[in-house]
Structure formats: C-alpha cells, structure tokens
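K.L.:
fold the stuff below for me.
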Amino acid sequence: MQRTQLGRTGLSVSKVCLGTMTFGEQNSEADAHAQLDVALERGINFIDTAEMYPVMPRAETQGATERFIGSWLKKTGRRAEVVLATKAAGPNPNVHWVRGPQRNFDRANLRQAVEDSLRRLQTDYIDLYQLHWPSRNLPIFGANQFNPRAERDAVPIEETLAALGELVEEGKIRHIGVSNESAWGVCEFVKLSETKGLPRIASIQNLYNLTARAFETSLLDEACFREDVSLLAYSPLAFGQLTAKYLDDPKAHGRLTIFPAAWSPRYLRPAVLAACAEYAALARAHGMTPAQMALAWVYSRWFVGSTIIGATTLTQLNENIDALEVKLPDEVVARIDEIHARFTNPGQ
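P.N.:
Below is the predicted model:
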C-alpha cells in the first residue's frame, strides 16, 4: 500500500482511506469490525468518520459509526496503528439532532463535538479533525451555484481556528482539515493560520469522481498545491452509479434504492446516468469493470492525497482496494476526457 504525507504534517497515510458512513445503517457492528480488520490487513492505516454518521442521517442512529470504531479500537488495541479522522457537523436545520439547532463552529460547540467524538471513539486524541462543511453560506451537496442572497450569520474562520488551536494545545486533536470547501476558503484558512499563529489546515475532503471534477476546474487543485493542502477525495464511485450496477439493474440494492430519492438527487440526474453509461462502456471495452476504471482514475490523479472508499461487503472492499493496481492506458485517459467534455460535472 502506497503512503503519502498529509499536508505539512508528519502524518503518513495510505493512498486508500476507509470510509465508514455505512457503519450503523447498512453495516452492523460485526460488519464494521470485519471491514476494519481487512483494511488494516491490506495496508490501510487511514480511517475517516464523522459525528453525523451513519447515513442517511437519522436521530436514532447518529453517532453509531464512531461507536463501532471505538468498540473495535478497544477490542483490538490497535489505536497506534491508525490515523483516525472525524468531522464536526456545521449548521444545517435538517440535522438538528446533532448538538442541537445552534450547532456551529464556535468554541463551545467545537469543544462539545470533540469531547463527544472522543467518548464514542474510546480514544484520547483524534489525528485529523475536520469541519464537515462551512459555517458560512456555500453551495454544497449538489447545490453548485453560489447565491449571495442565501448569506447567513456565520462563525468567523479566525474564531473557529482559535477554538481548534486550544484543542490542539490540549492534545485532544493533532491536526485539522476542512471539507466541502472552496478555493477561497482554503486560502482564507491558510492566511489566517499564518498571520495569526493558529493551526494550519492539512487537508480538504471534497467530492471528486468522473461525474464531479470541479476540484480541478475551480482552481482548487492549484490552491491546494501551492498551500500544501492534501485532497481527501470522497464519493469516488458517485454513490455506486459509476459501478454501473444501477445501469445493469435499476432496482439493485444500494443507497440510491434503499434511501429516499430526495436524499441525493444529483446522482439521479439524466446527464449523470448518460455519462455513467459511457464510462461503463469504455471500461468494459478495455477489459475493466466500471468500478475499477472509476477508482483507478481517482487514485491516479496527481492532486489526490488519499481516496476515501466505502463498502457494504468485504468483497466490495477488496475490489476497491485492488483497483489501486490498475493503470489506465493513455487511450483510456483521453477517452475519459472526451466524455467529460460532453458531460461536464453532471454530478457536482
């Protein structure tokens, strides 16, 4: 398993990161433990979770993912072998049960969020603590246009960094990152950390897959390259659409069929379906499964520090890890770009 340094930290993380948002919804505690065992056996040392998980988000299950990881850490005693990342949820009235309706990134909220995660994870420290989405107005999760009329009160970034700095000094968290951020946000976080002597972000966890390549078209790749901020690419298979399982069987078991369609409508857009059909045909024409090609694409991008993969079965998990060995021919890369030119970021 290849490893890479996370930002300017001393953290060495595997190029494949185990995503865990199915733990507690689609996966039982025993399933979760089995996935964690296999991931470490395969050389993965990087685990990502969030206080909001599992998905789809529900008050009845919130926090279960961290609890399952915590019980595994306690059972195995392998805390020192993993780089553990989790995330604090930002303001969103649709998930009001996570720390209440006043949830935000102020000092009191972040301290509560960290303490709650530490308790559920049964650990004394978090290696990478991330802001799940911004406090300020920013289009995320399928919204793709900035709307100044949607401005809202937000916790200033400097205030958030100062609160995180206290938690770093106390040893509760080691490093910090952002998620679902913009190029402006990355630069603002870095500027304030350097001018105010506050913790510096090491990573950005953003959407990146064949149907959603805005990271490379919005100059986020340049901002992160110049500021040494590592991309943690999430949803590399577009909620399973890039595996072509829904193309082959519209009723296939998966998130897009077991959860309400309104939860993630972007992956049901006609342009997404058309693009995925073309990518699937390209992969199969070159002796690859659609999932192998989609993952190999993300794994091979120069700006991707680590790719977050999720699975509901051990077979899927092993297949996703195996795709790291797939090398895409230049002809395939050229055809991918040609398809992208016709279907530009339909899943963004």
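K.L.:
list the contacts for residue 161?
P.N.:
Under the criterion of CB atoms under 8 Å, 6 or more residues apart in numbering, the neighbours of residue 161 are 176, 189, 192, 193, 196, 198, 199. Every C-beta, even on glycine, is put in place using the N, C-alpha and C of the backbone.
K.L.:
and the gap between it and residue 318?
P.N.:
Summarising the geometry, the distance separating residue 161 from residue 318, computed by CB to CB, to the nearest Å, is 39 Å.
K.L.:
what do you get for residue 282?
P.N.:
In this structure, residue 282 lies at 24 Å from residue 318, with CB to CB as the measure.
K.L.:
looking at these two, which is more packed in?
P.N.:
Higher neighbour count among residue 282 and residue 318: residue 282, with 19 against 15, using other CB atoms under 10 Å.
K.L.:
for the contacts of residue 161, name the two members farthest from one another.
P.N.:
Largest separation among those by CB to CB: 176 and 196, giving 13.9 Å.
K.L.:
buried ones in the worst-scoring helix or strand of the chain on mean pLDDT?
P.N.:
When the helices and strands of the chain are scored by mean pLDDT, DSSP states H and E, helix 255-258 comes last with a mean of 89. Taking 16 or more other CB atoms under 10 Å as the neighbour-count basis, helix 255-258 is seen to contain the buried residues 255, 256.
K.L.:
just stretch 142-157 next, same as before
P.N.:
Burial within stretch 142-157, assessed by neighbour count using 16+ other CB under 10 Å, is assigned to 154, 155, 157.
K.L.:
again, but for stretch 257-275
P.N.:
For stretch 257-275, the buried set under the neighbour-count rule, 16+ other CB under 10 Å, comprises 264, 266, 267, 269, 272, 273, 275.
K.L.:
closest to residue 65 out of these?
P.N.:
Distances from residue 65 to the buried residues of stretch 257-275, taken as CB to CB, are shortest for residue 264 (17.8 Å).
K.L.:
low-scoring stretches of the protein, by residue?
P.N.:
Low-confidence regions of the chain, defined here as pLDDT under 70, cover residues 262.
K.L.:
what about the strands in it?
P.N.:
Secondary structure of the chain (DSSP state E): strands at 3-5, 12-14, 16-19, 46-48, 83-88, 126-131, 173-179, 201-207, 230-234, 304-309.
K.L.:
which residue is nearest the centroid of this structure?
P.N.:
To find the centre residue of the chain, average its C-alpha atoms and take the closest one (CA atoms, centre = their mean): that gives residue 234, at 3.7 Å.
K.L.:
now that residue: closest residue in space, sequence neighbours ignored.
P.N.:
Here the nearest residue to residue 234 in space, its sequence neighbours aside, is residue 308; by CB to CB, 6 or more residues apart in numbering that works out to 4.6 Å.
K.L.:
and if you look at residue 43?
P.N.:
Counting by CB to CB, 6+ apart, the residue nearest residue 43 is residue 1, at 2.8 Å.
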